[in-house]
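Asks: Got a sequence here, can you model it:
(one chain, ligands or ions: 2)
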Amino acid sequence: MSSACNPGLYNEIGYIPNQEQFIVLQRTFSIIKPDAVRNGHTGAILAEIENAGFRIVSIKKQSISVKQAEGFYAVHTARPFFNDLCAFMASGPLFPMVLEKENAIADLRKLMGATNPANAEEGTIRKKFAGSIQENAIHGSDGEETAAFEIGYWFAGYELV
Ligand code: ATP
Ligand code: MG
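Replies: Ligands and ions are numbered 1, 2, ... in the order given. Purely as a prediction, here's the structure:
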């Protein structure tokens, strides 16, 4: 493992005896967004995630304020949809979670599909459950730095066991 790896994202290493090789388990951050919760898709989305081989390290049901949504999506402050996006994220309960598997960050993005469900591949979560480019069912970290920031924004260390 290179020293550039964030230890908080790679804190477990699994050994597969039959294959005589080590795998590195990576963590990522995800949210089942308020539209999916409202539409009763939480269980189906969790099933997709577990069937794809992710371990749910931690999950909770939460309602957030507009201010808390603004802090989470701070990188998008200048985008024209920023205010609408933050109002949407504060519009009802959501499920933030930390997920773990080999290549978790990239594999979750693949499982989610494109931001706009109209462009998402068949079989992806957004293709199945998202209603629009804004109300698109699920969030997933887009890189190691983002994952480390997002996990720390939503979860305390003692919740990640
Ligand atoms: P996420 O960060 O939620 O996983 P993403 O990485 O696919 O999604 P981003 O470009 O980071 O997409 O945008 C963050 C979120 O902002 C999107 O998931 C969506 O909810 C909303 N969004 C993005 N583009 C638009 C748009 N053109 N109009 C309205 N909302 C948008
Ligand atoms: Mg994003």
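
Asks: hang on, Arg27 packs against Asn103?
Replies: No - the pair Arg27 / Asn103 is not scored as a contact, 11.2 Å apart, by C-beta atoms under 8 Å. Glycine gets a C-beta too; all of them are placed from N, C-alpha and C.

Asks: Between those two, which has more neighbouring residues?
Replies: Arg27 (26 against 14; other C-beta atoms under 10 Å).

Asks: which ones are touching the more buried one?
Replies: 8-11, 57, 98-100, 104, 147, 151 (C-beta atoms under 8 Å, 6 or more residues apart in numbering).

Asks: is it true that it lies in a strand?
Replies: Yes - looking at Arg27 with DSSP: H, G, I helix; E, B strand; the rest coil, it is inside a strand.

Asks: how close does it get to ligand 1?
Replies: 16 Å (C-beta to the nearest ligand atom, to the nearest Å).

Asks: Neighbour-wise, give me the winner out of the contacts of Arg27.
Replies: Leu99 (27 neighbours).

Asks: Dump the contacts of Arg27 to JSON lines, plus pLDDT, distance to ligand 1 and secondary structure.
Replies: Below are the contacts of Arg27 laid out as JSON lines (pLDDT from 0 to 100; distance: C-beta to the nearest ligand atom, whole Å; DSSP: H, G, I helix; E, B strand; the rest coil):
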{"residue": "Gly8", "pLDDT": "70", "distance to ligand 1": "20", "secondary structure": "coil"}
{"residue": "Leu9", "pLDDT": "77", "distance to ligand 1": "17", "secondary structure": "coil"}
{"residue": "Tyr10", "pLDDT": "74", "distance to ligand 1": "21", "secondary structure": "coil"}
{"residue": "Asn11", "pLDDT": "55", "distance to ligand 1": "23", "secondary structure": "coil"}
{"residue": "Val57", "pLDDT": "97", "distance to ligand 1": "18", "secondary structure": "strand"}
{"residue": "Val98", "pLDDT": "98", "distance to ligand 1": "15", "secondary structure": "strand"}
{"residue": "Leu99", "pLDDT": "98", "distance to ligand 1": "13", "secondary structure": "strand"}
{"residue": "Glu100", "pLDDT": "97", "distance to ligand 1": "18", "secondary structure": "strand"}
{"residue": "Ala104", "pLDDT": "98", "distance to ligand 1": "14", "secondary structure": "helix"}
{"residue": "Ala147", "pLDDT": "98", "distance to ligand 1": "11", "secondary structure": "helix"}
{"residue": "Ile151", "pLDDT": "98", "distance to ligand 1": "14", "secondary structure": "helix"}
